[in-house]
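Trainee: Give me a model of this one.
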Amino acid sequence: MKQTEEFMLLFRYEPSNEESTQEQLQEMHKLWGEFIGGIAMQGNLVSTHQLGFEGKKVLPDLSTKDGFHISEKQIIGGNMILKAESLESATELAKNSPILKMGGTVEVRNIIPMD
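Mentor: Residues are numbered from 1 along each chain as shown. Predicted structure coming up:
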């Protein structure tokens, strides 16, 4: 088997003030389960996390602000660490992410071990 590396997928989306219906939430939950489960069944899942909606920012002067960073009108909703043979392989796996159906994006980054 070819050597694998670890990659992080960062799931970004534009927050909406509209509430999703129960049916929409169930469909998205199903799609995420299939996406994560498929990667896990291939033996490529290391970990995944959904981020909550509470947070604090620590600023350079050590003061803090409530909330989280929004860039280009998008927030990071979660992340996944997976194993793949290359950046291209990890990117192909990311193309199945349900966040894309929500108009969001997936950023695929290699992970550099801290020895």
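Trainee: For Phe68, what are phi and psi?
Mentor: The main-chain torsion angles of Phe68 are listed as degrees, to the nearest 10 and equal phi -140, psi 170.
Trainee: So it versus Lys57, what's the distance?
Mentor: With the distance defined as C-beta to C-beta, to the nearest Å, Phe68 ends up 7 Å from Lys57. No exception for glycine: its C-beta is placed from N, CA and C like everyone else's.
Trainee: Give me the more crowded residue out of the two.
Mentor: The residue with more neighbours, out of Phe68 and Lys57 and counting by other C-beta atoms under 10 Å, is Phe68; that gives 14 against 11.
Trainee: residues touching the nearest residue to that one once chain neighbours are set aside, list them.
Mentor: Closest residue to Phe68 in three dimensions, ignoring its sequence neighbours and counting by C-beta to C-beta, 6 or more residues apart in numbering: Gly55, at 3.9 Å. Under the criterion of C-beta atoms under 8 Å, 6 or more residues apart in numbering, the contact list for Gly55 reads Asp66, Gly67, Phe68.
Trainee: any idea of the pLDDT on Gly55?
Mentor: If you check Gly55, the pLDDT there is 91.
Trainee: which residue sits closest to Gly104, ignoring its sequence neighbours?
Mentor: When the adjacent residues along the chain are set aside, Gly104 lies closest to Tyr13, with 3.3 Å between them (C-beta to C-beta, 6+ apart).
Trainee: what about Arg109, how many neighbours?
Mentor: 14.
Trainee: show me where this structure has strands.
Mentor: Applying DSSP state E to the chain gives strands spanning 5-13, 45-50, 56-58, 64-66, 75-84, 105-110.
Trainee: wait, isn't Glu85 in contact with Phe7?
Mentor: No: at 10.2 Å, Glu85 does not count as touching Phe7 under the criterion of C-beta atoms under 8 Å.
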